[in-house]
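Engineer: just the structure for this:
(chains A, B, C and D)
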2 protein chains.
Amino acid sequence: MIVNEKTASDAEPQGKNMRRRLHPDERRQLIVDGAVVFFAEVGLDGNTRDLAKRLGITQSLLFNYFANKDALIEAVYEQVYLNRLSPDWPHRLVDRDVPLRSRLLAFYADYSKLIFEYEWMRIFMFSGLAGAELNRRYLEHMHKMILLPLIDEIGAASSAAITPSMEDLWNLHGGIVYIGIRQHIYRMPCPDEPIQAIENAVDRFLKAFEVDVSTD
Amino acid sequence: MIVNEKTASDAEPQGKNMRRRLHPDERRQLIVDGAVVFFAEVGLDGNTRDLAKRLGITQSLLFNYFANKDALIEAVYEQVYLNRLSPDWPHRLVDRDVPLRSRLLAFYADYSKLIFEYEWMRIFMFSGLAGAELNRRYLEHMHKMILLPLIDEIGAASSAAITPSMEDLWNLHGGIVYIGIRQHIYRMPCPDEPIQAIENAVDRFLKAFEVDVSTD
DNA sequence: AATCTTGTTGATCGTATGATCTATAAAGAT
DNA sequence: ATCTTTATAGATCATACGATCAACAAGATT
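Structural biologist: Predicted coordinates:
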């Protein structure tokens, strides 16, 4: 005779399989949080039944909170990408009261803490491969608001008056981002604290453009 | 009244919908070639019906040549990754008769021609996200056979006897690879000829380790 | 031209998946 | 306690997809 209908292997989060009645806002947030982790792991076409099982709710409940799967994924995007980075970096990066090296390191310390997150990196890659507009918008923002101003900053700080090209800046950027790709996409062993690698990369870059870093 | 049962939008490759009977080897190769392009575009869980339609064959024929979808994808991996890069790079990279800068540029000219291919880059990313062992093996090979020897080469060529860390080399590598990622994953505008960007990146790197490049 | 071999098709099966709908019961109000 | 509201569950639908199989026909053999 069957005692437990549901086996423990299904990993019911709350232990009991009781029906908990939550406030809609709270339930919705639980779903989005779970969906972020779930989709980051299995990809954006992970199925709704597995997600529901992981959340300890029925699959149909998902469609009570989101019109369809796309709407849920849209909510995942918002959760992961909206307002996660301080909006005043464009200003801080051009604040010449602060040494350029310090500005760069501060920015990449902040930025890397964001993008080296498992969920951020994987969902960004999944959506990029799926052709989502999100990624292009994000990178165009990065181009315009972060990298473009840096061209002038580095050119101005260069004692030899050498100015980097946009491709040079993408190279600096990409070299840093690639740490997160190695870690979360390819699951390769990576330094726990990538700060040192970032610092070295920035210093190599500044040295190439003859930017004096002794004031720091 | 309907004249053409099948619309042109379905893109029947051979024009007619006649049943062509090919030699198994030839048919198999046609399938693999089409699958590479198809899966690179839509991802590894693109469905077999769409693939068959694109190839102008029936879906069932696919399973005549491959036991199941996984076997087909395995064949795609082989086609894209097996023996695509000259196997004597490990030797050429440590050939000190050639200036280090030349060796590096020659390698990355060759390597980038490979990985900046649309199919290579996307399938590598798709399989990486899917957790395929392939990627780890590939990158471990890169680590051991290419980057690790380069540590010594650069250290030996450094006039200040500075030796880069493995993280430094991954940074150089990642910055270059990221060009392809921007182009094929995020579909951002990129330089048609990345050779210049690669050259700059290599020169910055060598300069940081005080490697004399005047002999080149 | 008739026959044989086998590459190819069309129909079909079982299951997985997104989505819908009605019944149920948990929490708050009275 | 009882009533009311509505969050949640369970059953179900339509379709999509991987996979199978018997039947057909293109090309080789005689």
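Engineer: okay, which residue is most central for chain A?
Structural biologist: The centroid of chain A falls nearest to residue A:120 when counting by Cα atoms, centre = their mean (3.0 Å).
Engineer: quick one: mean pLDDT over stretch A:187-200.
Structural biologist: Stretch A:187-200 shows a mean pLDDT of 96.
Engineer: same check, this time on stretch A:79-86
Structural biologist: Mean per-residue pLDDT for stretch A:79-86: 93.
Engineer: that stretch vs chain B: in contact?
Structural biologist: No. Applying Cβ under 8 Å from any Cβ of the partner chain, one finds stretch A:79-86 separated from chain B by no less than 14.0 Å. C-beta coordinates here come from the backbone N, C-alpha and C atoms, glycine included.
Engineer: between its first and last residues, how far does that stretch reach?
Structural biologist: 15 Å (Cα to Cα, to the nearest Å).
Engineer: equivalent analysis for stretch A:54-63, please.
Structural biologist: Terminal residues of stretch A:54-63 lie 16 Å apart, using Cα to Cα.
Engineer: can you tell if that stretch touches DNA strand C?
Structural biologist: Yes. Against DNA strand C, stretch A:54-63 shows contacts by Cβ under 7 Å from any atom of the strand at A:59, A:60, A:63.
Engineer: with distance to residue B:86 and neighbour count added, can I get these in JSON lines?
Structural biologist: Converted to JSON lines, those look like this (distance: Cβ to Cβ, whole Å; neighbours: other Cβ atoms under 10 Å in any protein chain shown):
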{"residue": "A:59", "distance to residue B:86": "51", "neighbour count": "14"}
{"residue": "A:60", "distance to residue B:86": "56", "neighbour count": "9"}
{"residue": "A:63", "distance to residue B:86": "53", "neighbour count": "15"}
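Engineer: of the residues you listed, which belong to helices?
Structural biologist: Among these, the members falling in helices (DSSP state H) are A:59, A:60, A:63.
Engineer: dump these into JSON lines; add pLDDT as well.
Structural biologist: Putting these into JSON lines (pLDDT from 0 to 100) gives the following:
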{"residue": "A:59", "pLDDT": "98"}
{"residue": "A:60", "pLDDT": "98"}
{"residue": "A:63", "pLDDT": "98"}
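Engineer: looking at the residues you listed, which one is closest to residue B:95?
Structural biologist: Proximity of those to residue B:95 (Cβ to Cβ) peaks at residue A:59, which lies at 60.4 Å.
Engineer: spit out the contact partners of the closest residue to that closest one other than its chain neighbours.
Structural biologist: Nearest non-adjacent residue to residue A:59, counting by Cβ to Cβ, 6 or more residues apart in numbering or on different chains: residue A:52, 4.1 Å away. Taking Cβ atoms under 8 Å, 6 or more residues apart in numbering or on different chains, we find residue A:52 in contact with A:58, A:59, A:61, A:62.
Engineer: swap in 6 Å and give it another go.
Structural biologist: Counting by Cβ atoms under 6 Å, 6 or more residues apart in numbering or on different chains, residue A:52 touches A:58, A:59, A:62.
Engineer: what of residue A:163?
Structural biologist: For residue A:163, the contact set (Cβ under 6 Å, 6+ apart) comprises residue A:155.
Engineer: which other residues reach the host helix or strand of residue A:197?
Structural biologist: Per DSSP states H and E: residue A:197 is located in helix A:195-208. The contact list for helix A:195-208 (Cβ under 6 Å, 6+ apart) reads A:104-105, A:108, A:172, A:175-176, A:213, B:167-168, B:171, B:204, B:207-208.
Engineer: what angle sits between it and helix B:195-208?
Structural biologist: Helix A:195-208 and helix B:195-208 are oriented at 100 degrees to each other (axes from the mean of the first three to the mean of the last three Cα atoms, to 10 degrees).
Engineer: how about helix A:195-208: buried residues?
Structural biologist: Across helix A:195-208, burial judged by 16 or more other Cβ atoms under 10 Å in any protein chain shown covers A:197, A:198, A:200, A:201, A:202, A:203, A:204, A:205, A:206, A:208.
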